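J.: mind folding the following:
(chains A and B)
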Amino acid sequence: MEEFAQQVVTGVSIGSIYAIIALAIVLIYRSTSVVNFAQGEMAMFTTFITWSFLLRMDFWPAFLLTIVVAFFIGAALEIVVMRPVERAPHLNSIVVTLGLLAIFNSVALWRYGPLQKPFPDPDNWCIGDSCLEIFQGDAFTAGAVTISRLNVGILFVALMIMVALFLMFNYTKLGLAMRATALNPVASQLVGINVSRMLALGWGLAAAVGAVAGVMTASSLNLSIDMMAGILIFGFAGAVLGGLDSPGGAIIGGLSVGVFQVLAGNYIDSQIDLMAAFAIIFIVLVIRPTGLFGRRLVRRV
Amino acid sequence: MQLNRLATPLVLLVVAGLVIGLPAERSRDFDGTINFLAIFATTVAIYAIFTLALNVQWGYTGVFNFGVAAFFLVGAYTAAIFVKPPADPESSVRYIGGFGEALSPPFLGGDQWVPFLVAIFAAAIASGILAVLLAVPTLRLREDYLAITTIGVAELLRRIVIQEDGLVNGSRSLIGIPKPFSGYFDADTNRFVYLGIAIVVLAIVFLLVERAIRSPWGRVLRALKEDETATAASGKNVYAFKMQGFVLGAMLMGVGGAVFAFSRGSIGPTTFDHFFATFLIWAMLMVGGSGNNWGAISGAFVVWGLWTITLQLNGYDLPNVMQNRIFFIRDFLVGALIVTVLLLRPRGLIPEERRVSLWLDRRMRRSARGDPVAGNTP
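T.: Predicted coordinates:
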């Protein structure tokens, strides 16, 4: 039983990174119905930006600065690249994100080279002398179950993002406008919402959330060009599992994919993790085609 | 408008000029250039088989397959185990199958072509079976789900190949795949024999697809892509037609994989990564123009042409900062090409033609002239 609990805890801490990246995918999907295949590479690229900031400043300023930079990169991409293809067939936008994937990948290789870079664990959060010890320190132990400080920190960050987005979407006018745009762009335009600005905001937010995922991945693995490639597939799995248009579903989907992966790896075969993740998705999709928390799509003709 | 109409031939000419010109200028050797061009053309022909197959799935049926690599892999490995001799139990090379000798009849120089022909059909069937298995649960879903599922399956198959190393020799690759007619010609001539084989297969695939798409069956597929609900409302079984389009495309991808395996001679799990085996093929189709078979072929030519040319640049005195980074430049160029083409010409170099059938065209003209429109007789 204790072993099982330990597996679940490990799964949740792996899954929290999947959850963050799934959240970024969902943020773009629900506002523009585009699956952004470049999400992983964008996260990787912004993490390299963090890395170059880290040479000059402490961790938290660098981290916050990256989030701001990522937000503007995302919004700029929407305005410059995605907006012109908005009117074209739906698939064109998706293929454009593939082009972006190749561009981000090659620019990162050009600028930062193919070698792995060491990436520090995030510092504890300090204001003056009082520190919130979430990232560094001894591992937490409860009975036979342990969880490292770094994983606690990652979970904590994932929770923070979730709460912040929840508050924004549900209790601010901006959030209401973004939800309205996702639901019905034309009607939103009619009641005076600036729809194009909302779409740019959606991309910016997604890029910022992706940047957080990138930094968290780099702290638990190491910074490299292909670090997001494997994670993106599990992130997609989490997003599909939760239903592509539900942010809460993305978090739960991402966490469950992490848990399934660890459990299957431990109790069935250590090589089977990816297959287990897909088996779960397949089963869920056959029973509930819109994912666990997705909206039923009703089309009127 | 004039410029717009000239853009496509211009792009094709410039790429052709560079592909012929650069190696000729660098080697200043006729034979060398011709050999280079033969290899180049073989690769383009193989890729064109894939873009035609993807065109059936996406351009005509509107099924969003993002795991071309999966069908590529299955086709290539199936073909390889059909033509290779059985694995030697003494050695460390392990793979299943190895029907090459069993399939060679002792007459007509049978070992030179019979196994290969069988292998191509086997590859098509194996890919088709994979397509059916995948389509049953996912084809009813929204297209984005199918995209994510297929990309996952491609990765999954690649992992299976690596881990189950008794299956097709794992990550050590399958090398020494026999080549058709290799016993008759020397290595130099053989290059042109493969080119011929690739072009013949491409031509057959092209004619098959053209013929299928212009048939009543093909018209249903095209209607399906434009408006699924309207097609269902006119009494067509949407699911069955989607399934048929998807499986036909997958089978052609299997054929492409087989021809690839023969011409390359060795395949390993790294051959089938997402960038090379899925992404590049999508880029070719979108650049060339989905929904048009000529577009699919010219897309393969343009993208692979640029890909090759960038490597050719390496022979020149480049500034130091570019010298080691030519591979990154190449990836960047392909990415930038896709984005630019889709921004400037969203329907590709050779766009889909709006014509549905000649008969309807004549009818439209006649009613425009005010002539009485005859009932159902053309």
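J.: make it CA atoms for all contacts and neighbour counts henceforth
T.: OK.
J.: is stretch B:38-55 positioned near chain A?
T.: No - under the criterion of Cα under 8 Å from any Cα of the partner chain, chain A is not reached by stretch B:38-55; the shortest gap measures 13.4 Å.
J.: contacts for that stretch?
T.: Defining contact as Cα atoms under 8 Å, 6 or more residues apart in numbering or on different chains, one finds that stretch B:38-55 is touched by B:65, B:68, B:191-192, B:194-195, B:198-199, B:202, B:205-206, B:209, B:248-250, B:252-253, B:255-256, B:259-260, B:281-282, B:284-285, B:290-293, B:296-297, B:300-301, B:304.
J.: what's the neighbour count on residue B:189?
T.: By the criterion of other Cα atoms under 10 Å in any protein chain shown, residue B:189 has 12 neighbours.
J.: helix or strand: which one has it?
T.: Secondary structure assignment for residue B:189, by DSSP states H and E: helix B:187-213.
J.: which other helices and strands contact the helix or strand following that helix?
T.: Using DSSP H and E, the helix or strand that follows helix B:187-213 towards the C-terminus is helix B:216-226. Packed against helix B:216-226 by the contact rule (3 or more Cα pairs under 8 Å, 6 or more residues apart in numbering or on different chains; DSSP states H and E) you find helix B:187-213, helix B:228-233, helix B:238-264.
J.: take those helices and lay them out in CSV including distance to residue A:242 and mean pLDDT.
T.: Below are these laid out as CSV (distance: least, Cα to Cα, whole Å; pLDDT from 0 to 100):
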stretch, distance to residue A:242, mean pLDDT
helix B:187-213, 38, 89
helix B:228-233, 26, 86
helix B:238-264, 25, 93
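J.: of these, which approaches residue A:84 most closely?
T.: Proximity to residue A:84, assessed across the helices and strands packed on helix B:216-226 by Cα to Cα, is greatest for helix B:228-233 (25.9 Å).
J.: which parts of that closest one are buried?
T.: Within helix B:228-233, the residues that count as buried by 16 or more other Cα atoms under 10 Å in any protein chain shown are B:228, B:231.
J.: please save the CA atoms from that helix in CSV.
T.: The C-alpha trace of helix B:228-233 is given here as CSV (Å, rounded to 0.1, in the frame of the first residue of the first chain):
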residue,chain,number,x,y,z
GLU,B,228,-19.8,16.4,-44.3
THR,B,229,-23.4,17.1,-43.2
ALA,B,230,-24.6,17.9,-46.7
THR,B,231,-23.0,14.6,-48.0
ALA,B,232,-24.7,12.6,-45.2
ALA,B,233,-27.9,14.4,-46.0
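J.: quick one on the thing from earlier: the contacts of stretch B:38-55 also near chain A: which ones?
T.: Among these, chain A is touched by residue B:282 when using Cα under 8 Å from any Cα.
J.: quick check, the residue in chain A closest to chain B?
T.: When scored by Cα to the nearest Cα, chain A has residue A:99 as its residue closest to chain B, at 4.1 Å.
J.: and that residue, what pLDDT?
T.: With respect to pLDDT, residue A:99 scores 87.
J.: in this structure it contacts residue B:341, no?
T.: No - using Cα atoms under 8 Å as the test, residue A:99 is too far from residue B:341 to be in contact (10.5 Å).
J.: neighbour count winner among the two?
T.: Between residue A:99 and residue B:341, residue A:99 has the larger neighbour count (other Cα under 10 Å), namely 28 against 19.
J.: list the contacts for the more buried one?
T.: B:334-339.
J.: which one of these is nearest to chain A?
T.: Closest approach to chain A among these (Cα to the nearest Cα): residue B:335, at 4.1 Å.
J.: so is the closest one in a helix, a strand, or just coil?
T.: Secondary structure state of residue B:335, per DSSP: H, G, I helix; E, B strand; the rest coil, is helix.
J.: what's the spacing between the closest residue in space to it that isn't next to it in sequence and residue B:295?
T.: Closest residue to residue B:335 apart from its sequence neighbours, by Cα to Cα, 6 or more residues apart in numbering or on different chains: residue A:99 at 4.1 Å. Per Cα to Cα, to the nearest Å, residue A:99 is found 19 Å from residue B:295.
J.: and if you look at residue B:186?
T.: 35 Å.
J.: neighbour count for those two, which is higher?
T.: Higher neighbour count among residue B:186 and residue B:295: residue B:295, with 27 against 10, using other Cα under 10 Å.
J.: list the contacts of the more buried one.
T.: So residue B:295 contacts B:285, B:288-289, B:348-351 (Cα under 8 Å, 6+ apart).
J.: a markdown table for these, including pLDDT?
T.: Shown next, in a markdown table, are the contacts of residue B:295 (pLDDT from 0 to 100):
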| residue | pLDDT |
| --- | --- |
| B:285 | 91 |
| B:288 | 88 |
| B:289 | 85 |
| B:348 | 83 |
| B:349 | 84 |
| B:350 | 85 |
| B:351 | 83 |
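J.: who wins on neighbours among those residues?
T.: Most neighbours among the contacts of residue B:295, by other Cα under 10 Å: residue B:285, with 31 neighbours.
J.: which helix or strand contains that residue?
T.: Here residue B:285 sits within helix B:280-288, counting by DSSP H and E.
J.: so which of the helices and strands packed on helix B:216-226 is the most packed in?
T.: Each of the helices and strands packed on helix B:216-226 was scored by mean neighbour count; the highest is helix B:238-264, a mean of 25, by mean count of other Cα atoms under 10 Å in any protein chain shown.
J.: which strands or helices does it pack on?
T.: Applying 3+ Cα pairs under 8 Å, 6+ apart, one finds that helix B:238-264 contacts helix B:30-54, helix B:68-83, helix B:114-138, helix B:187-213, helix B:216-226, helix B:228-233.
J.: for that helix, the distance to its chain's centre please.
T.: In this view, helix B:238-264 has its centroid 9 Å away from the chain centroid, taken as Cα atoms, centre = their mean, to the nearest Å.
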